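**Student:** attaching a predicted model along with its sequence, questions to come.
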Amino acid sequence: MLRIVFLFMLLLVSCAKLTEEKRAKLARELYSEGMVAYSRKDYKEAIGKLSEALKYLENLTPEEIKSAKYAIGESYYFRKDYINAVVYLEDYLFYYPESPEAERVYFMVVDSYMKVAPDAYRDQTYTLKAIDKAKDFLSRYPNSPYTDRVLDLIDKAQTKLAKHEYLIARFYEDFGYYYSASLRYKNLLINYPEQVSEVEVLYRYIKSLLLVKEQARRQEEKYLKWIKEAEAELRKAQSEEDRKAIKKRIDFLKSEIERWKKLAEESRKEGIKQLERYKEVFGENSYYRELKKYAG
């Protein structure tokens, strides 16, 4: 009986050894085939083979693992699959930050973030991420051969952000939210002077400032309506607690009316001040003549 058990255990050990040998052989074959595919620019096959090879990474050398990870990241980049490229390239940088390829990998990360960033009509989180990565790249590699390309990416990203901000400002302006529009136009003039037309954006900034009074008037009409409704509720209120709550609401609405009046007055003063500046810089052009009407 003991002999049978011994033979059975020997068989299991032999099978396990054979399985491990097969795994090692498979890892080597997949790695070799993947790197050959990568060298002939068959990036789809390279990704497939090398990804499979990394499932048996215990059978690969550290240098082979490093090469496979680099090849996968770059293959995704060349296939314009920028989301996966970011994932694999950042993984490479995490494990091999000091490698000779790190600079190129970091550039591909910056470029990939910029490529996945949507157009100016949508959320710009990825654009902001691309700018942060680009600035970090320039800090890490001040003398990089990629510097000009990274600076160009930053400029394109800033232009996209400026357009996004401009579109929001125009939305507010077109729908009569002049105070919010003025804040957006001011932000454009301060933070994106190279990406916008000052002659137009300053005109829209001043116009919005001068028209805050129209928004304030609409707000006052709305609040007065709500105050009237609240006063009717107050007359019908049964308890002192209800009356206190309604009076508190009325006081808040009245304070909002006063707040909007103050915003309108301050905006008008700033608008008149900026109008004089506009005349000095751009002269009495068609924009200026239109603004004079709003100022009147």
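**Tutor:** Alright, I've got the coordinates.
**Student:** Ser182 contacts Leu210, doesn't it?
**Tutor:** No: the pair Ser182 / Leu210 is not scored as a contact, 9.3 Å apart, by Cβ atoms under 8 Å. Using the backbone N, CA and C atoms, a C-beta is placed for each residue, glycine as well.
**Student:** hey, what's in contact with both of these two?
**Tutor:** By the contact definition Cβ atoms under 8 Å, 6 or more residues apart in numbering, Ser182 and Leu210 are jointly contacted by Ser267.
**Student:** out of the two, which sits in the busier spot?
**Tutor:** Ser182 (28 against 25; other Cβ atoms under 10 Å).
**Student:** which element is the residue nearest to that one when sequence neighbours are not counted on?
**Tutor:** If the residues on either side of it in the chain are set aside, Ser182 comes closest to Ser208, at 3.9 Å by Cβ to Cβ, 6 or more residues apart in numbering. Assigned by DSSP states H and E, Ser208 belongs to helix 198-236.
**Student:** what packs against the next helix or strand after that helix?
**Tutor:** As assigned by DSSP H and E, the chain's next helix or strand after helix 198-236 is helix 240-282. Packing partners of helix 240-282 (3 or more Cβ pairs under 8 Å, 6 or more residues apart in numbering; DSSP states H and E): helix 178-191, helix 198-236, helix 286-295.
**Student:** would you put the C-alpha positions of the first one in PDB?
**Tutor:** This file holds the C-alpha atoms of helix 178-191, laid out as PDB (Å, rounded to 0.1, in the frame of the first residue of the first chain):
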ATOM      1  CA  TYR A 178     -25.200  88.700 -17.400                       C
ATOM      2  CA  TYR A 179     -23.400  88.700 -14.000                       C
ATOM      3  CA  SER A 180     -22.200  85.100 -14.500                       C
ATOM      4  CA  ALA A 181     -21.200  86.000 -18.100                       C
ATOM      5  CA  SER A 182     -19.200  88.900 -16.900                       C
ATOM      6  CA  LEU A 183     -17.200  86.700 -14.500                       C
ATOM      7  CA  ARG A 184     -16.400  84.200 -17.200                       C
ATOM      8  CA  TYR A 185     -15.300  87.000 -19.700                       C
ATOM      9  CA  LYS A 186     -13.100  88.500 -17.000                       C
ATOM     10  CA  ASN A 187     -11.500  85.100 -16.400                       C
ATOM     11  CA  LEU A 188     -10.800  84.800 -20.100                       C
ATOM     12  CA  LEU A 189      -9.100  88.200 -20.200                       C
ATOM     13  CA  ILE A 190      -7.000  87.500 -17.100                       C
ATOM     14  CA  ASN A 191      -6.000  83.800 -17.700                       C
END
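**Student:** off-centre distance for it?
**Tutor:** 20 Å (Cα atoms, centre = their mean, to the nearest Å).
**Student:** tell me which residues of it come out buried.
**Tutor:** For helix 178-191, burial by neighbour count (16 or more other Cβ atoms under 10 Å) applies to Tyr178, Tyr179, Ser180, Ala181, Ser182, Arg184, Tyr185, Lys186, Asn187, Leu188, Leu189.
**Student:** ditto for the second one
**Tutor:** Of the residues in helix 198-236, those scored as buried under the neighbour-count criterion (16+ other Cβ under 10 Å) are 201-213, 215-216, 219-220, 223, 227, 230.
**Student:** with the last one instead?
**Tutor:** Applying a neighbour-count criterion of 16+ other Cβ under 10 Å, the buried positions in helix 286-295 are Tyr287, Tyr288, Leu291, Tyr294.
**Student:** angle of it against helix 198-236?
**Tutor:** 20 degrees (axes from the mean of the first three to the mean of the last three Cα atoms, to 10 degrees).
**Student:** contacts for helix 286-295, please.
**Tutor:** 199-200, 203, 206-207, 210-211, 271-272, 275, 278-279, 282.
**Student:** for stretch 237-253, same thing?
**Tutor:** Tyr223, Trp226, Ile227, Ala230, Glu231, Glu233, Leu234.
**Student:** now for the second one: which residues touch it?
**Tutor:** Listed by Cβ under 8 Å, 6+ apart, the contact set of Trp226 reads Leu253.
**Student:** where does it land on pLDDT?
**Tutor:** Listed pLDDT for Trp226 reads 97.
**Student:** just to revisit the earlier point, show me how far the helix holding Ser208 is from its chain's centre.
**Tutor:** 32 Å.
**Student:** I'd like the helices and strands packed on helix 240-282 as JSON lines, with distance to Gly34 appended.
**Tutor:** Output for the helices and strands packed on helix 240-282, formatted as JSON lines (distance: least, Cβ to Cβ, whole Å):
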{"stretch": "helix 178-191", "distance to Gly34": "46"}
{"stretch": "helix 198-236", "distance to Gly34": "52"}
{"stretch": "helix 286-295", "distance to Gly34": "61"}
